[in-house]
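Enquirer: I'd like to go over a predicted model; first the sequence, then the structure.
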Amino acid sequence: MILNKSELISKLSNKFKSYTQSDIDYSVKKILDHISQSLYSGERIEIRGFGTFSLHNHNSRTARNPKTGELVALEKRHSVHFKPSKELKMRVNNKI
């Protein structure tokens, strides 16, 4: 199942009837924006019981195009890494 942002907001508004959908929409957008800004600043985000988001650095290097064998220069880059918590792993594996 793929859950996009609007579906998440809809599910949360159905579960928490005391909040308006616009309040939930605002909250979800602010949380995601804060996570994005923190990662952009190079910070690590830890959500207890869920997992940790961090940046992995990849130095520039020369690679090969596997189809043509041609050398390709890859620039330095960052990628977002997610490490699930032990609790999340256990929930996914139905051990809680």
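Expert: Done, it's in.

Enquirer: how about the strands of this structure, start to end?
Expert: For the chain, strands defined by DSSP state E occupy the ranges 45-47, 51-58, 61-64, 71-74, 77-84.

Enquirer: Grab the longest helix from this protein for me.
Expert: helix 21-40 (DSSP state H).

Enquirer: Run through the bridge partners of Ile45.
Expert: Phe53 (DSSP bridges).

Enquirer: any idea how far Ile31 is from it?
Expert: 10 Å (CB to CB, to the nearest Å). In short, each C-beta sits where N, CA and C put it, glycine included.

Enquirer: what's the burial count for the residue nearest to Gly51 when sequence neighbours are not counted?
Expert: Excluding the flanking residues, the one nearest Gly51 by CB to CB, 6 or more residues apart in numbering is Pro84, at 4.2 Å. Residues near Pro84, counting by other CB atoms under 10 Å, number 13.

Enquirer: do Glu87 as well
Expert: For Glu87, the neighbour count with other CB under 10 Å is 14.

Enquirer: That one and Gly51 touch, don't they?
Expert: No - with contact defined as CB atoms under 8 Å, Glu87 does not reach Gly51; the gap is 9.1 Å.

Enquirer: Now do the same contact list for Lys11.
Expert: Leu3 (CB atoms under 8 Å, 6 or more residues apart in numbering).

Enquirer: Check Ile45 too.
Expert: So Ile45 contacts Ile35, Ser38, Leu39, Thr52, Phe53, Ser54 (CB under 8 Å, 6+ apart).

Enquirer: swap the cut-off to 7 Å and go again
Expert: If you count contacts by CB atoms under 7 Å, 6 or more residues apart in numbering, Ile45 has them with Ile35, Ser38, Leu39, Thr52, Phe53.
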